[in-house]
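> What shape does this take:
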Amino acid sequence: MSKQNKWQEELSVLKSILESSGLEKTIKWGTDVFIYKGKNIVSYGGFKNFFSLWFYNGVFLKDKHQVLVSAQEGVTKALRQWRFTSIDEINPDIILEYVREAVQNEAAGKTWKPEKSNPTAIPDILEQEFNDDQSLKDAFFKLTPYKQKEYIEYITSPKKEETKLSRLKKTIPMILAGIGIHDKYKNC
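Sure, this is the predicted structure:
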């Protein structure tokens, strides 16, 4: 049974609760996202061992029922999940209470702003390629700092040198085309 089909009834219940919230529904990243004045508030989805709601700026919620968790502790900054393993755990009144608070927070301007990171140092493997190909260097520095960082992390993260080289060769056409490494996922 696929993740999408495993929680079909439960997700349908969450969807109907969120639709009753008065928020506008749109599709982003291939899923329903409920928004307030163009800002993401809440969404839902099914996973292998649970189904969940997630609040995009959930870090600001009071969480008086102690139901929210960080999806990846130390990595996830603002998003908070409310995980369920049974339809019996769904309480529409409490869910709508959290949604209302999330909307109030958004209206009050409580949103997480990404911290500015220091410029990423260009690794030797990429610097060598730049020395051989000025057009590659020019194209790389035309990318946003965020996209540059994504490429650097992708190329340098493997332990084996041959994997690093393989990744570098594979990404050169994308860099020259001005495409970010994860752009295909961001156009949903």
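> mind listing the helices for the protein?
In the chain, the helices defined using DSSP state H lie at 3-6, 8-19, 92-107, 124-132, 134-142, 145-156, 161-176, 183-186.
> Quick one, grab the pLDDT at residue 76.
You'll see residue 76 listed with a pLDDT of 80.
> tally of neighbours for the nearest residue to it once chain neighbours are set aside?
Nearest in space to residue 76, with sequence neighbours left out and distances taken as C-beta to C-beta, 6 or more residues apart in numbering, is residue 70 at 4.7 Å. Using the backbone N, CA and C atoms, a C-beta is placed for each residue, glycine as well. Residues contacting residue 70 under the criterion other C-beta atoms under 10 Å number 15.
> Would you tell me which strand is longest in the protein?
Counting by DSSP state E, the longest strand found in the chain is strand 39-46.
> other SSEs contacting it?
In terms of contacts (3 or more C-beta pairs under 8 Å, 6 or more residues apart in numbering; DSSP states H and E), strand 39-46 is packed against helix 3-6, helix 8-19, strand 31-36, strand 51-55, helix 92-107.
> Which of the helices of the chain comes out lowest on mean pLDDT?
Looking across the helices of the chain, the weakest by mean pLDDT turns out to be helix 3-6, at a mean of 64.
> contacting residues for residue 49?
residue 85 (C-beta atoms under 8 Å, 6 or more residues apart in numbering).
> so residue 36 bridges to which residues?
residue 39 (DSSP bridges).
> In this structure it contacts residue 103, no?
Yes: Residue 36 is within contact range of residue 103, at 5.0 Å (criterion: C-beta atoms under 8 Å).
> Spit out the residues that contact these two alike.
residue 23.
> how is the protein carved up into domains?
Here the domain parsing of the chain from automatic domain parsing is 3-107, 124-186.
> most tightly surrounded among those domains?
domain 3-107 (a mean of 16; mean count of other C-beta atoms under 10 Å).
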